[in-house]
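J.: take this sequence and fold it.
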Amino acid sequence: MMGCRGSDCDVKGGGMVGGMLSWARSMMWSKSAKEVSYRVGDQVLVVKQGILTGGKYPEVVPVGRMLDVVNVSGRWIECDSYYGGWIRCVHVIRADWSTIDVLKRMINEQPANSELRSSLAIALYSLGEQQSAINEIDGAIEQFPESSDLYYFRGYVYGLRKDHQKAIADYSEAIRLGPENPFVFCNRSLAWTDLGELGKADDDIEAALSMIPNDPRLLGARGYLFLLQEKYDLALKVFNRLIRKNQKLDDAYCHRGYVWQMKGNVKKAMKDYNQAIRLGAQNSELYFNRGHLLFLQGEFEKAMHEFDLVNDLDDKYPWCFYGRGLIYLFQRDRRAIVEFRRTFEIEGNGNEWRYYAFVMAVIASRLFGDHEAEGELVDQAGLVQGFEWPRAVLDFLLGRLTQEAILRHEKSDYRWAQANAWLGYVELNNGDLKTARSYFETMRDEGDRRDLLYQVAVEELARL
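T.: All right, here's what the predicted structure looks like:
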C-alpha cells in the first residue's frame with residue numbers, strides 16, 4: 001500500500017524557469033494563436049508567459065510549458081494543470097508535429113538560442129518522443145553547457161524513465177549552475193525518495209521550502225516525505241494546513257486519507273478518499289487504497305470493484321492485480337496465483353514490493369498445492385537477492401531461514417507476522433493443525449491488530 005503521490009514539481013507543474021522564449025518570439029506567434037480554433041483534448045505549448053485564472057489558485061505558466069485543453073470559450077481555453085484555470089489563446093499554440101517543424105525552422109534561423117532547443121525538446125516529449133527529447137537536450141547541452149534549464153529538463157525525463165541516478169546527476173548540475181530554482185530541489189528530493197534516500201530527500205525539500213515557504217506544491221511534497229518516513233502526525237499537520245488554505249486540493253485529501261489509514265482511523269480515511277474523488281481525483285493509488293480499506297473490513301465484493309476501477313484507470317498499475325490476488329486468496333480461489341504473478345511481471349525491476357508479490361505468489365501456489373507453479377517460482381528465487389525482507393520471508397517459506405536473517409528482522413516486523421499467518425493457512429490446508437496453530441499464534445502475538453490477517457488468525461485459533 002502506498003500514499004497517493006501527487007505530481008512532481010516538474011515542467012508541467014511550474015518547475016521550468018520562465019522566459020524560455022523571448023518576448024519578441026512570443027509576439028511572432030500571437031497572430032496565428034488568435035486564429036486557431038482549439039478543441040477539448042488538444043495539447044498546447046505556452047509561447048508567452050501568462051496566468052491561469054479561475055482555478056484552485058492563480059498560477060503563472062512559463063513559456064515552454066505544455067497544457068491539456070479541457071474547455072474552450074471564445075479566445076480563452078481552460079487547461080488541466082496542477083490547479084487548473086483559464087488562459088487567453090494568445091499565450092499558446094497547438095502542440096503537434098507542425099509545431100515541431102516551426103521550432104526547427106526557428107532554430108536554424110537562431111542557432112545560438114538555447115531556449116529554442118529546450119522548447120523543441122519539451123514539444124517532442126509532449127508528443128511521446130521521450131528518447132528524441134533526450135537526444136535533443138543532449139545536443140543542446142553540448143552546445144550550451146552552462147544552461148541550468150537544459151539539465152533540469154533532461155533530469156525530469158530521466159526521472160520519468162525511472163533512471164533516478166541520472167536524474168539526480170542532472171538535477172545536481174542544474175543546481176550548481178542555477179541554485180535559485182526551488183523546483184529543481186523538489187524534483188531531486190523526489191528522486192532521492194524513490195531511491196530510499198529519505199535523509200537526502202529531506203534536505204532538498206527543506207532547501208526548496210526555504211525559498212518559497214508557502215507554496216502548496218512544495219508543502220505537498222514535504223507532507224508526502226513525512227508520510228514515507230512514517231512521521232504521520234507531522235504529515236497530518238501539513239495536509240491539514242493545505243486543506244485549510246484551499247478545500248479544493250484533491251491530492252491533499254488523498255494524502256491525508258492515507259495518513260488516517262496508517263493511523264488506523266478507517267472512517268476518516270474513507271471520508272477523505274471520497275472527498276478527493278468528488279473533487280475530481282482520478283488517481284490509481286487513491287482507488288487502490290480505498291479498495292484496500294474495504295478489503296481490511298472484509299468487504300471483498302466492494303474491494304474488488306475498486307481494484308477493477310484501478311485497472312480501468314491504468315491497466316499497467318500492478319497493485320490492482322495484487323489486491324485482487326489477496327481477495328482470491330481469502331476466497332480460496334486459485335486465480336490468486338495468476339494475479340500475484342501478474343503483479344510481479346508488471347512491476348519494474350528494483351522495486352522491493354515487486355518481490356513481495358513474488359513471495360505471495362509462492363504462498364498461493366503452496367496453499368493450493370500447485371507444485372508446478374511453485375517450482376517455477378522457486379527457480380526464480382535468486383531474483384529476490386538484495387531485497388532483505390522479501391528474501392528473508394521467502395527463505396522462511398522455503399525452509400532456508402538463517403540465523404542472519406532472523407537477526408535482521410525482529411519478530412515485531414508486521415510483514416514477518418503476516419508470513420506466519422499465510423503459512424498457518426498452508427498447514428491448515430495440509431491438515432497439520434498443530435503447526436497451523438503455532439503459526440497463527442505467532443501472528444496473534446506479534447502482528448498488527450489493525451491487520452485483517454490478525455483478525456483471521458484469532459478466528460482460526462478459536463476454531464482450532
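
J.: quick one: the helices in the stretch 201-350 of the chain?
T.: Taking DSSP state H, counting those that start in this stretch to define them, one finds helices in the stretch 201-350 of the chain at 216-228, 232-245, 250-262, 266-278, 284-296, 300-313, 319-330, 335-346.

J.: closest one to Arg117 among the ones you listed?
T.: helix 216-228 (26.5 Å; Cβ to Cβ). Glycine gets a C-beta too; all of them are placed from N, C-alpha and C.

J.: what's the offset of the closest one from the middle of its chain?
T.: 13 Å (Cα atoms, centre = their mean, to the nearest Å).

J.: can you name the secondary structure element that comes next after the lowest-mean-pLDDT helix or strand in the chain?
T.: Sorting the helices and strands of the chain by mean pLDDT, DSSP states H and E puts helix 23-35 at the bottom, at a mean of 33. Next in sequence after helix 23-35, counting helices and strands by DSSP states H and E, comes strand 43-46.

J.: can you list the strands that the helix or strand following that next one pairs with?
T.: Sequence-wise, the next helix or strand beyond strand 43-46 is strand 50-52, with elements assigned using DSSP H and E. Sheet pairing here is set by DSSP bridges, and for strand 50-52 it gives strand 59-61 (antiparallel).

J.: ok, Gly155 - contacts?
T.: Gly155 sits next to 166-171, 174, 184, 187-188, 191 when contact means Cβ atoms under 8 Å, 6 or more residues apart in numbering.

J.: show only the entries of those found in helices.
T.: 166-171, 174, 184, 187-188, 191 (DSSP state H).

J.: ok, so of the residues you listed, who is nearest Ile205?
T.: For the ones in helices among the contacts of Gly155, the closest approach to Ile205 (Cβ to Cβ) belongs to Arg188, at 9.3 Å.

J.: neighbours around that closest one, how many?
T.: Applying other Cβ atoms under 10 Å, we find 30 residues neighbouring Arg188.

J.: so where's the stretch 251-400 of the chain shaky on pLDDT?
T.: 347-353, 381-400 (pLDDT under 70).

J.: element containing the nearest residue to Gly447 once chain neighbours are set aside?
T.: Nearest non-adjacent residue to Gly447, counting by Cβ to Cβ, 6 or more residues apart in numbering: Ala417, 3.7 Å away. Applying DSSP H and E as the criterion places Ala417 in helix 414-430.

J.: show me what that helix is packed against.
T.: Judged by 3 or more Cβ pairs under 8 Å, 6 or more residues apart in numbering; DSSP states H and E, the packing partners of helix 414-430 are helix 352-367, helix 388-397, helix 433-446, helix 452-463.

J.: okay, the angle between the first one and helix 319-330?
T.: Angle between the axes of helix 352-367 and helix 319-330 is 30 degrees (criterion: axes from the mean of the first three to the mean of the last three Cα atoms, to 10 degrees).

J.: how about the following helix or strand past helix 352-367: buried residues?
T.: Later in the chain than helix 352-367, the nearest helix or strand by DSSP H and E is helix 371-379. Counting neighbours by 16 or more other Cβ atoms under 10 Å, one finds that the buried residues in helix 371-379 are 373-374, 377-378.

J.: circling back to that earlier point, the ones in helices among the contacts of Gly155: which two are farthest apart?
T.: By the measure Cβ to Cβ, Lys166 and Val184 form the most distant pair in the ones in helices among the contacts of Gly155, at 14.8 Å.

J.: comparing those two, which residue is more hemmed in?
T.: Val184 (31 against 16).
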